[in-house]
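Q: Have a look at this fold, sequence not included:
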């Protein structure tokens, strides 16, 4: 595949991610300013950690940017390692443990909402 379509795909991915991260940041800021209790609305209705998901997509875009280079396929390791860190080392395990300690309703939220990949809530 030519470098130009992959570059364009990488740019689109980064721009989409930046837009979502901006919206997520605004929502978190609004919750903290008005001191509203957290709720599973917006993107948090579909993913318990949408911020981690979109940050991971940035690493995927780096891989897409690298693909046209001769050894670009080796850059698949970057998003895979980041995914491992998010699922096994930092990120989700630590955040989930803290949320279970501080919120009584968090287990119900865990049962109904995807941990990482934005997906429709379970009923």
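A: Nice, I can see it. The structure presented is a predicted model; accordingly, all values stated were derived computationally and were not measured.
Q: Mind telling me what element the residue nearest the centre of the chain is part of?
A: Centroid-nearest residue in the chain: residue 53, 1.3 Å away (criterion: Cα atoms, centre = their mean). According to DSSP states H and E, residue 53 maps onto helix 50-66.
Q: and that helix, which residues are buried?
A: For helix 50-66, burial by neighbour count (16 or more other Cβ atoms under 10 Å) applies to 50-57, 59-66. Where you see a C-beta, it was placed from the backbone N, CA and C, and this is true even at glycine.
Q: same question, stretch 13-33
A: 13-14, 17, 20-21, 24.
Q: Now for the residue nearest to residue 72 when sequence neighbours are not counted: which residues touch it?
A: Among residues not flanking residue 72 along the chain, residue 66 sits closest, at 3.9 Å (Cβ to Cβ, 6 or more residues apart in numbering). Shown here is residue 66, whose contacts under the criterion Cβ atoms under 8 Å, 6 or more residues apart in numbering are 72, 74-75.
Q: If you rank those by neighbours, which is first?
A: The most crowded member of the contacts of residue 66, judged by other Cβ atoms under 10 Å, is residue 75 (18 neighbours).
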